[in-house]
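Engineer: Structure for the following, please:
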Amino acid sequence: MSNTILKAEMLSKTYSNGSIMQHVLKNLNIEIKAGDFTVIMGSSGSGKSTLLYALSGMDKPTLGTIDFKGEAISNYSNDQLAVFRRKHCGFVFQQIYLNDTMTVLDNIMISGLLVSRDKKAIAARAKELLQQVGLSDACYHKYPSQLSGGEAQRVAIVRALINAPEIVFADEPTGALNSTNAINVLDVMTEVNASGQSIIMVTHDIKTARRANRILYLKDGVIIDELSLGAYHKDDPDRHKILREFLESMGW
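Structural biologist: Residues are numbered from 1 along each chain as shown. Just a heads-up that it's a prediction; the model follows:
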């Protein structure tokens, strides 16, 4: 049985501004296996974030199909897509988007309660995940304004994981963090992937990209090549070199 979890065929996205047509994605074919850690790279304006949003159901493609476990989600209505995202997807962005009027715990639980009404179970899972990302119970009742950037991003990751999503979509999740906090966030993402959850991430950063087992390189809305890196090992001396050589060959 195939372990393909997400598949896009002839995926295109075009925006129009009057008589001007902007072709952002052009007939892309992508297959994501369960447990993949896929990173999408490319220069600014190449269509990386547009591709991420299309694959996640946050934005509908102009043409083409997107299947999740054999089901054509590209045919879903907006309401069906919202349910799909709640049940199967988690999202981590560079902009964290925590609600400033709610505590850390409430920010996480409100997402969990969209899927389950078992408030006690959701609270227990939220606290367990917060412990896993290194946030103690002293943070539970703080407000976002009382957190450091790294703490807030880890809260955002927990919020993305609260419903045990099968795929986590991440758009430059370390872009606004210092090097120490970026490593902490990437360690969490790596652990999530090791537990079997798929990750699709957009990044410009080679240190972030080296965590992936697969790199897709996008140029002018087309995937021009990809690189298989295999499973991540922290002390692999060749991984960075192989990735850099690949990116340089792409004109990165």
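Engineer: Could you pull up the mean pLDDT of the helix ranked longest in the chain?
Structural biologist: For the chain, the helix that runs over the most residues, judged by DSSP state H, is helix 179-194. Model confidence over helix 179-194, given as mean pLDDT, is 87.
Engineer: Same check on stretch 130-143?
Structural biologist: Along stretch 130-143, the predicted local confidence has a mean pLDDT of 89.
Engineer: related to what we said a few turns ago, which helices and strands sit right next to the longest helix of the chain?
Structural biologist: Using 3 or more C-beta pairs under 8 Å, 6 or more residues apart in numbering; DSSP states H and E as the contact criterion, the elements in contact with helix 179-194 are strand 37-41, helix 149-161, strand 167-171, strand 198-202, helix 206-209. Every residue, glycine included, has its C-beta placed from N, CA and C.
Engineer: so which of the ones you listed gets nearest residue 98?
Structural biologist: With C-beta to C-beta as the criterion, residue 98 lies closest to helix 149-161 of the helices and strands packed on helix 179-194, at 6.1 Å.
Engineer: and that closest one, which residues are buried?
Structural biologist: Residues of helix 149-161 classed as buried by neighbour count (16 or more other C-beta atoms under 10 Å): 150, 151, 152, 153, 154, 155, 156, 157, 158, 159, 160, 161.
Engineer: And for stretch 217-231?
Structural biologist: Neighbour counts over stretch 217-231 (16+ other C-beta under 10 Å) mark 217, 218, 219, 221, 223, 227, 229 as buried.
Engineer: Kindly report the same for stretch 107-121.
Structural biologist: When neighbours are counted by 16+ other C-beta under 10 Å, the buried residues of stretch 107-121 are found to be 107, 108, 109, 111, 112, 113, 114.
Engineer: do the same with stretch 62-75
Structural biologist: Taking 16+ other C-beta under 10 Å as the basis for neighbour counts, the residues of stretch 62-75 that come out buried are 62, 64, 66, 67, 68, 73, 74.
Engineer: mind checking how far it is from the chain centre?
Structural biologist: Put simply, stretch 62-75 sits 18 Å off its chain's centre (C-alpha atoms, centre = their mean, to the nearest Å).
Engineer: now do stretch 71-84
Structural biologist: The mean C-alpha position of stretch 71-84 is separated from the chain mean by 18 Å, C-alpha atoms, centre = their mean.
Engineer: With stretch 128-147 instead?
Structural biologist: Here stretch 128-147 is found 21 Å from its chain centre; the criterion is C-alpha atoms, centre = their mean.
Engineer: With just CA atoms, put it into PDB.
Structural biologist: Extracted in PDB, the C-alpha atoms of stretch 128-147 (Å, rounded to 0.1, in the frame of the first residue of the first chain):
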ATOM      1  CA  GLU A 128       2.400  17.800  28.200                       C
ATOM      2  CA  LEU A 129       3.400  19.400  24.900                       C
ATOM      3  CA  LEU A 130       4.600  22.600  26.600                       C
ATOM      4  CA  GLN A 131       6.800  20.500  28.900                       C
ATOM      5  CA  GLN A 132       8.200  18.700  25.800                       C
ATOM      6  CA  VAL A 133       9.200  22.000  24.200                       C
ATOM      7  CA  GLY A 134      10.900  23.100  27.400                       C
ATOM      8  CA  LEU A 135       8.300  25.500  28.800                       C
ATOM      9  CA  SER A 136       7.500  25.000  32.500                       C
ATOM     10  CA  ASP A 137       4.200  25.500  34.300                       C
ATOM     11  CA  ALA A 138       5.300  29.000  35.100                       C
ATOM     12  CA  CYS A 139       4.500  29.900  31.500                       C
ATOM     13  CA  TYR A 140       1.000  28.500  31.400                       C
ATOM     14  CA  HIS A 141      -0.800  31.600  32.700                       C
ATOM     15  CA  LYS A 142       1.500  34.200  31.200                       C
ATOM     16  CA  TYR A 143       0.300  36.400  28.300                       C
ATOM     17  CA  PRO A 144       2.200  36.500  24.900                       C
ATOM     18  CA  SER A 145       3.700  40.000  25.800                       C
ATOM     19  CA  GLN A 146       5.400  38.400  28.800                       C
ATOM     20  CA  LEU A 147       7.200  35.800  26.600                       C
END
